[in-house]
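Q: Let's see this in three dimensions:
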Amino acid sequence: MKDYLFRKNLSVKQLAADLKISTSYLYQLIRGERKPSIELAQKIEEYTGGEVTLGMLLGIKGEEKTTKPYYYRSVSSEHERRFSSLEDATERFKGKLGEIEDRLLKLEKEK
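A: Numbers count the residues shown, from 1 in each chain. As a prediction, this is how the structure comes out:
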């Protein structure tokens, strides 16, 4: 959570006010002296857009770091499949575009 505050240039006092908790309680959470309730952990995860996860706050193994953004983790497998398909199509398009550019350069040199 400390990293999140630093990256967002957000003070502990402001975050505590936004979460409607005391500044001292938030400091205790940051230092790991206390664990939040599940409700507060969910509120923090939502507030941070998933950058600070419920698992991180509650110390759940395997949840210390997340490799995918919050919005991506929450999509269905169908959306994930479609996203992957779009990425593949984009790569094929870039390849074809490169071939066209090469042909155009070759034609210009032949003139």
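
Q: which intervals of the chain have sub-threshold pLDDT?
A: Across the chain, the ranges flagged by pLDDT under 70 are 61-80.

Q: care to break this protein down by domain?
A: The chain breaks down by automatic domain parsing into domains covering 2-65, 75-110.

Q: Need the winner for burial among those.
A: Across those, averaging neighbours per residue (mean count of other CB atoms under 10 Å) puts domain 2-65 on top, at a mean of 14. Backbone N, C-alpha and C define where each C-beta goes, glycine included.

Q: now it, how far from the chain's geometric center?
A: 15 Å (CA atoms, centre = their mean, to the nearest Å).

Q: was I right about Ile21 contacting Ser37?
A: No: using CB atoms under 8 Å, Ile21 is not in contact with Ser37, being 10.2 Å away.

Q: Quickly note the distance from Lys20 to Leu40.
A: Computed as CB to CB, to the nearest Å, the Lys20 to Leu40 distance reads 10 Å.

Q: again with Lys106
A: Distance from Lys106 to Leu40, by CB to CB: 64 Å.

Q: can you pull out the helices in this protein?
A: 2-7, 12-19, 23-31, 38-47, 54-58, 70-73, 77-110 (DSSP state H).

Q: outside of the fourth one, which residues touch it?
A: The contact list for helix 38-47, computed with CB atoms under 8 Å, 6 or more residues apart in numbering, reads Met1, Leu15, Asp18, Leu19, Ile21, Pro36, Val52, Thr53, Leu54, Leu57, Leu58, Tyr70.

Q: residues in contact with Val52?
A: Val52 makes contacts with Met1, Tyr4, Ile44, Glu45, as judged by CB under 8 Å, 6+ apart.

Q: hmm, try it at 10 Å
A: By CB atoms under 10 Å, 6 or more residues apart in numbering, the contact set of Val52 is Met1, Lys2, Asp3, Tyr4, Leu5, Ala41, Ile44, Glu45, Glu46, Thr66, Tyr70.

Q: possible to save those as JSON lines with distance to Asp88?
A: As requested, those are arranged in JSON lines below (distance: CB to CB, whole Å):
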{"residue": "Met1", "distance to Asp88": "37"}
{"residue": "Lys2", "distance to Asp88": "39"}
{"residue": "Asp3", "distance to Asp88": "33"}
{"residue": "Tyr4", "distance to Asp88": "33"}
{"residue": "Leu5", "distance to Asp88": "38"}
{"residue": "Ala41", "distance to Asp88": "37"}
{"residue": "Ile44", "distance to Asp88": "36"}
{"residue": "Glu45", "distance to Asp88": "31"}
{"residue": "Glu46", "distance to Asp88": "32"}
{"residue": "Thr66", "distance to Asp88": "24"}
{"residue": "Tyr70", "distance to Asp88": "24"}
